[in-house]
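Asker: model this:
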Amino acid sequence: MNPESFDYIIVGAGSAGCVLAARLSEDPQIRVALLEAGPADSSVLIHCPLGMAVLAQTGQANWNFDTVPQVGLNGRRGYQPRGKVLGGSSSLNAMIYTRGQREDYDHWASEGNTGWSYDEVLPYFKRAEDNTRGADAFHGAGGLLHVMDLTSPNPLGQRFIEAGCQSGFAINTDFNGASQEGVGMYQVTHKNGERHSAAKAYLTPHLSRPNLQVITEAHTSKILIENQRAVGVEFLSKGQQRQLRTTREVLLSAGALQSPQILMLSGIGPTAHLQAHGITPLLDLPGVGQNLHDHMDVVQMLTGPQLNDAIGISLSGAVRLLRGISQWRNQRTGMLTSNVAEVGGFIKGEASEATPDLQLHFVVAKIVNHARTLVWGHGVSCHVCVLRPLSRGSIRLASADPRAAPLIDPNFLGEPDDLLRLIKGFKLMRKLLQQPALASLGAESQHSARAQSDQEIAQFIRNNGDTIYHPVGSCRMGTGSMDVVDARLRVHGIAALRVVDASIMPSIISGNTNATTIMIAEKAADMIKAAGA
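Answerer: Below you'll find the predicted structure:
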C-alpha cells in the first residue's frame, strides 16, 4: 500500500473520526488514513473515569481554548476545552450518554435535511449502542459503544432524585426512551470500570488492520483543492510539512471549533475574511464558521459537614481516595468509576413548554473554574443549562497560521430569551436543592445565595456562567445560502469533501452531544460507502 495515497483521509480522531475510520476500514480493499493532532490515548487518567478531574488540572490532552471576550458575560472570556488526543473530547468528557429529543431531529428534517428525522436516525443510535440493559424499541445491544448504568454510584445521587420528587418532578429511568422529562441517573459510556471513549470503542480494536493508518501528532494545515475538488491534505508532523493524497474523499472531523478553521485555511469560507488574512479564496462560502452555538451553564453549590460522601479534598477524602485507587486497580469498581455528574434531569421552565427546555447536571463534588481550581472540603454542585439557546456566534481566523487558535465567539446570552430561561432554571434548581432530601445535608454557598432577585440572578449568571462543553453548528447542514454542507454532509461547491462532526448540526440537540456526534458519523459512513460503491 502506498502510504502517501489513500481512498479516504479523515482529519481528526475525535468521536466522529474514530467511527468513520472503523466503519470505512471494514472493507479490506479500502485504504483509510486518520490524522490526529494530539497523541495516542495512553494515559491512565483517560481510562480511569475519575481521572478526568486530574486531566482538568493538568490540561493534558486538551486544546485549552478560550473564547473572545463575551459581552453577555460582562466581558469575560469563556473556557473551551476540547480533546487533543485519540478519541477527542470523548476521552475527556463526563461520559454521559444522552440523545436529545425526537423533536430535535424532526426539526432538522423539516428544514430540508432529508433523512435526518428521528425515525431515520434512531437505527444509527441503536446500531452504535451496546446497552447492558438490552435491546428494545429505543436501544441497541451488540454495537461497538458500551452504554451502562454506573456500578458504584454515589449515594448522594439518590438524594438528588428524592429532592427532585419533592420538587414535583417525575422520576425518569431512561432519558433516551419514550420521554426525556424528569430526574434520574444518567447512563454512561463505560466498560469494565473504564471510560469507553470513541477511540476505545471504535478505533483501538482495529489498529492492526493493514488498510488503516493512524498518524498522531499530525496537525492539519489545509485541505488540498484542485479544480474545486478535494485531492488531499497538508499537515505538520515532527516539524516537517507532509501531504497525503486521496483517490476518493477527504472527511473533515475536527469538531465545531476547528473544522471551520481548516476550511477557511484551505480557502473555503467568507471571501473578505480570507483575503484579510492573505488567504487566496477558492470558494466564497459565507456560512463557514457561522451559527456556532453551545449550551450555556451556571452552577450552584451546597456545602456542609454532612456532605462527606461527596468527592472532596480533606483528610477523610484522601483516605477514601487511597482506598478507591486500590479498589479500581484491583477490581475496576469504587469511587474512581464515577463520572462525577452521575444524576440529573430534564425539566420545563414553565409548565406550558411542550418539552423540557432545561437540563440539570448534579455533580458529587465542588466544581470551581471547570475543576481547574482545587477547593478544600466537601460539597456538591448543580448545573443548569438552556437546552435550545437562540444565541448564535462564530468561528473566525486569528491568522493564517494553522497553529494559531481560532477566534471563538459563542455570543453567550446574545438573545434575551436565553437569559430569561436561565433565570427560571436557576430558581428551579435552587428550589430543588432546598428540598429536605438535600437541605438536611448542607446549604447553598454564599457565592450564589446572595443572588435573590431576578436582576441579581441575571448578574450572577453573567459573572459566573460558561459552557457545559457542547459547541455545535459552525458548518451547518442545510440548503440555504448560509449553509455549509448538504444532507449527505458534502461541502457545497467542493467535490470529494465532507464535514462529519458536531459542526454540521443545524441546531443543537436537547442534551449532551457526544452520542449524537457518534450517530452522525455512523450515518455518514453508510452514505460514504454508498457513494463509493
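Asker: Surely residue 16 touches residue 500?
Answerer: Yes. Here residue 16 lies in contact with residue 500, judged by Cβ atoms under 8 Å, at a distance of 5.0 Å. Just so you know, the C-beta spots here come from the backbone N, C-alpha and C atoms, and that holds for glycine as well.
Asker: Who has more neighbours out of these two?
Answerer: residue 16 (34 against 29; other Cβ atoms under 10 Å).
Asker: Can you check my assumption that that one lies in a helix?
Answerer: Yes. Per DSSP: H, G, I helix; E, B strand; the rest coil, residue 16 lies within a helix segment.
Asker: And it, what's its pLDDT?
Answerer: Predicted confidence (pLDDT) at residue 16: the value is 98.
Asker: Which residues are in contact with each of residue 16 and residue 500?
Answerer: Both residue 16 and residue 500 are in contact with 253, 520-521, 524, where contact means Cβ atoms under 8 Å, 6 or more residues apart in numbering.
Asker: Now render these as TSV, adding neighbour count and pLDDT.
Answerer: TSV is the format used below for the shared contacts of residue 16 and residue 500 (neighbours: other Cβ atoms under 10 Å; pLDDT from 0 to 100):
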residue	neighbour count	pLDDT
253	32	98
520	27	98
521	30	98
524	25	98
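Asker: Surely residue 510 and residue 359 touch.
Answerer: Yes. With contact defined as Cβ under 8 Å, residue 510 counts as touching residue 359 (7.5 Å).
Asker: Overlap in contacts, those two.
Answerer: 346, 387.
Asker: quick one on the thing from earlier: ok, of the shared contacts of residue 16 and residue 500, which one's closest to residue 405?
Answerer: residue 253 (18.7 Å; Cβ to Cβ).
Asker: follow-up on the earlier one: compile the shared contacts of residue 16 and residue 500 into JSON lines and extend it with columns for distance to residue 369.
Answerer: Listed next are the shared contacts of residue 16 and residue 500 as JSON lines, based on distance: Cβ to Cβ, whole Å:
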{"residue": "253", "distance to residue 369": "30"}
{"residue": "520", "distance to residue 369": "31"}
{"residue": "521", "distance to residue 369": "32"}
{"residue": "524", "distance to residue 369": "36"}
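Asker: so which of the residues you listed comes closest to residue 326?
Answerer: Of all these, residue 326 sits closest to residue 521, with 37.6 Å by Cβ to Cβ.
Asker: residues in contact with the closest one?
Answerer: Contacts of residue 521 (Cβ under 8 Å, 6+ apart): 15-20, 23, 253, 500-501.
Asker: okay, among these, which ones form the most distant pair?
Answerer: It's 23 and 501 that sit farthest apart of the contacts of residue 521, by Cβ to Cβ, at 14.6 Å.
Asker: for the longest strand seen in the chain, packing partners?
Answerer: Secondary structure of the chain per DSSP state E: the longest strand is strand 240-252. Using 3 or more Cβ pairs under 8 Å, 6 or more residues apart in numbering; DSSP states H and E, the elements in contact with strand 240-252 are strand 5-11, strand 218-226, strand 229-237, helix 259-265, strand 497-499, helix 514-532.
Asker: Roughly how far does residue 215 sit from residue 29?
Answerer: According to Cβ to Cβ, to the nearest Å, residue 215 and residue 29 sit 21 Å apart.
Asker: Which one's more surrounded, residue 23 and residue 501?
Answerer: More neighbours surround residue 501 than the other of residue 23 and residue 501, with 30 against 21 (other Cβ under 10 Å).
Asker: I'd like the contacts of residue 521 laid out as JSON lines, including distance to residue 399.
Answerer: Listed next are those as JSON lines, based on distance: Cβ to Cβ, whole Å:
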{"residue": "15", "distance to residue 399": "28"}
{"residue": "16", "distance to residue 399": "26"}
{"residue": "17", "distance to residue 399": "25"}
{"residue": "18", "distance to residue 399": "30"}
{"residue": "19", "distance to residue 399": "32"}
{"residue": "20", "distance to residue 399": "29"}
{"residue": "23", "distance to residue 399": "35"}
{"residue": "253", "distance to residue 399": "23"}
{"residue": "500", "distance to residue 399": "26"}
{"residue": "501", "distance to residue 399": "23"}
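Asker: Give the buried residues for the helix or strand of the chain with the lowest mean pLDDT.
Answerer: The helix or strand of the chain with the lowest confidence, counting by mean pLDDT, DSSP states H and E, is helix 315-331 at a mean of 81. By neighbour count on 16 or more other Cβ atoms under 10 Å, the buried set for helix 315-331 is 317, 320-321, 324, 327-328.
Asker: Include distance to residue 279 when you put those into CSV, please.
Answerer: Listed next are the buried residues of helix 315-331 as CSV, based on distance: Cβ to Cβ, whole Å:
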residue, distance to residue 279
317, 51
320, 54
321, 50
324, 51
327, 54
328, 49
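Asker: quick check, nearest of the residues you listed to residue 299?
Answerer: Proximity of the buried residues of helix 315-331 to residue 299 (Cβ to Cβ) peaks at residue 317, which lies at 20.1 Å.
Asker: Distance across stretch 426-440, terminal residue to terminal residue?
Answerer: Using Cα to Cα, to the nearest Å, one end of stretch 426-440 lies 20 Å from the other.
Asker: I should have written stretch 22-30 there, sorry.
Answerer: Termini of stretch 22-30 sit 11 Å apart (Cα to Cα).
Asker: Adjust the sequence numbering to begin at 18 for everything that follows.
Answerer: Renumbered: residue one is now 18, and that last one reads stretch 39-47.
Asker: and it, how far from the chain's centre?
Answerer: Offset of stretch 39-47 from its chain centre (Cα atoms, centre = their mean, to the nearest Å): 26 Å.
Asker: ok, and for that stretch, which residues are buried?
Answerer: Per 16+ other Cβ under 10 Å, stretch 39-47 contains these buried residues: 39-42, 47.
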